[in-house]
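**Q** give me a 3D structure for the following:
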Amino acid sequence: MDLGTIILAISLTIIMFGMGLSLVKNDFIRLFQNPKAIVVGLLNQIILLPIIAYVLISIFNVGADIAIGLMILAACPGGPTSNLITYLAKGDAGLSISLTTLNSLITIFTIPFVVDFALNQFLDVDEMVQIDKLQTVIQIFAIVIIPVSLGMLLKNFKPEFADKMNKPVKIASGAVLFLVILGLVIKKKEELIPYLQQAGWTSLALNICTMLVGLATAKLAKLNLAQSITISIESGIQNGTMAIAIAAGILMNDNYAIAPAVYSLIMFFTSGVIIAIGIKTQSNLTKGIK
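**A** All right, here's what the predicted structure looks like:
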């Protein structure tokens, strides 16, 4: 295991620990209080997201490395970043946290199957890689559930300390993610332009399509504005750190990590647009009520 992979694993562990610091018992109770919004969110994140990714990969006809990277990304929905963006966009933060919590549990088991499908679908016979699904589940459990649980325990027994730690942990995790992406760019600088040409447009299309589909399904389900904004964000903001960790750490292939890295950069720009729209819409509604 090289230094970059170790740093990546530490980064993901910090991010998941930070998520645990913000979780309380009510976040789990909320899962049962608002089942329709939860079902719509999971439909988008667990089922529609990988399907949309596969369709766009076929349309753009990208190379195997990019295709596999995007499918890995599509298997890693949500994450703490979506919680922050939802809060800034005046969405339903409780729904966002609930979806992230549930996703963290479900994707432990779905990720190995989506990744295995991608490897079998896009690699030639002589390049075929078989993943050990049980080992992958165990690895994902170790880097997701354990640090989240530790964060929750600290939040429960030392709430004031956990609240003080929350912001620094989020800043640290964001900084480490940036350094990981920067390191990946430097490492792959010779191949970067061709990869960007392939991954850039497909990643942008995936990001926009999933956000629009998320918004459309929320409207069809007659969810309120805050919930609709949240479903849109949760559908389009993926856990890039998790995807990069799986690509570089579990599959040991940096090339698969390029697409998730590109997507992670793109989604910060598009999320800025969503935040601006959310703030403006809520402001107009408030003025209308007055």
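**Q** max-length helix in the protein?
**A** helix 258-289 (DSSP state H).
**Q** from the contact counts, what lies against it?
**A** helix 64-74, helix 80-88, helix 159-187, helix 192-220, helix 225-236, helix 240-244 (3 or more CB pairs under 8 Å, 6 or more residues apart in numbering; DSSP states H and E). To be clear about C-beta, it is placed using only N, CA and C from the backbone, and glycine gets the same treatment.
**Q** between these, which gets nearest to residue 105?
**A** Nearest to residue 105, of all the helices and strands packed on helix 258-289, is helix 240-244, at 13.6 Å by CB to CB.
**Q** extract the CA atoms of that closest one and return them as PDB.
**A** What follows is helix 240-244, C-alpha atoms only, in PDB (Å, rounded to 0.1, in the frame of the first residue of the first chain):
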ATOM      1  CA  GLY A 240     -16.100  11.300  -4.400                       C
ATOM      2  CA  THR A 241     -13.800  10.400  -1.600                       C
ATOM      3  CA  MET A 242     -15.300   7.000  -1.200                       C
ATOM      4  CA  ALA A 243     -15.200   6.400  -4.900                       C
ATOM      5  CA  ILE A 244     -11.500   7.400  -5.100                       C
END
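**Q** against which helices or strands is that helix packed?
**A** Counting contacts by 3+ CB pairs under 8 Å, 6+ apart, helix 240-244 packs against helix 3-21, helix 64-74, helix 159-187, helix 258-289.
**Q** in TSV: the ones you listed, plus mean neighbour count.
**A** Shown next, in TSV, are the helices and strands packed on helix 240-244 (neighbours: other CB atoms under 10 Å):
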stretch	mean neighbour count
helix 3-21	21
helix 64-74	27
helix 159-187	16
helix 258-289	17
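**Q** with mean pLDDT and distance to residue 218 added, can I get those helices in a markdown table?
**A** Output for those, formatted as a markdown table (pLDDT from 0 to 100; distance: least, CB to CB, whole Å):
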| stretch | mean pLDDT | distance to residue 218 |
| --- | --- | --- |
| helix 3-21 | 71 | 23 |
| helix 64-74 | 94 | 19 |
| helix 159-187 | 71 | 26 |
| helix 258-289 | 80 | 13 |
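**Q** dump these to JSON lines, plus distance to residue 84.
**A** JSON lines is the format used below for those (distance: least, CB to CB, whole Å):
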{"stretch": "helix 3-21", "distance to residue 84": "10"}
{"stretch": "helix 64-74", "distance to residue 84": "19"}
{"stretch": "helix 159-187", "distance to residue 84": "7"}
{"stretch": "helix 258-289", "distance to residue 84": "9"}
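**Q** and residue 143, which of those is closest to it?
**A** helix 3-21 (5.2 Å).
**Q** how about residue 222, secondary structure?
**A** Classification of residue 222 using DSSP: H, G, I helix; E, B strand; the rest coil returns coil.
**Q** so which of the helices and strands packed on helix 258-289 comes closest to residue 254?
**A** Once the helices and strands packed on helix 258-289 are compared by CB to CB, helix 159-187 is nearest, at 6.4 Å.
**Q** next secondary structure after the helix or strand that contains residue 38?
**A** For residue 38, the host element (DSSP states H and E) is helix 35-42. Next along the chain after helix 35-42, taking DSSP H and E as the criterion, comes helix 49-60.
**Q** and the average pLDDT for that next one is what?
**A** For helix 49-60, mean pLDDT is 95.
**Q** which other helices and strands contact it?
**A** Under the contact rule (3+ CB pairs under 8 Å, 6+ apart), helix 49-60 is packed against helix 64-74, helix 192-220.
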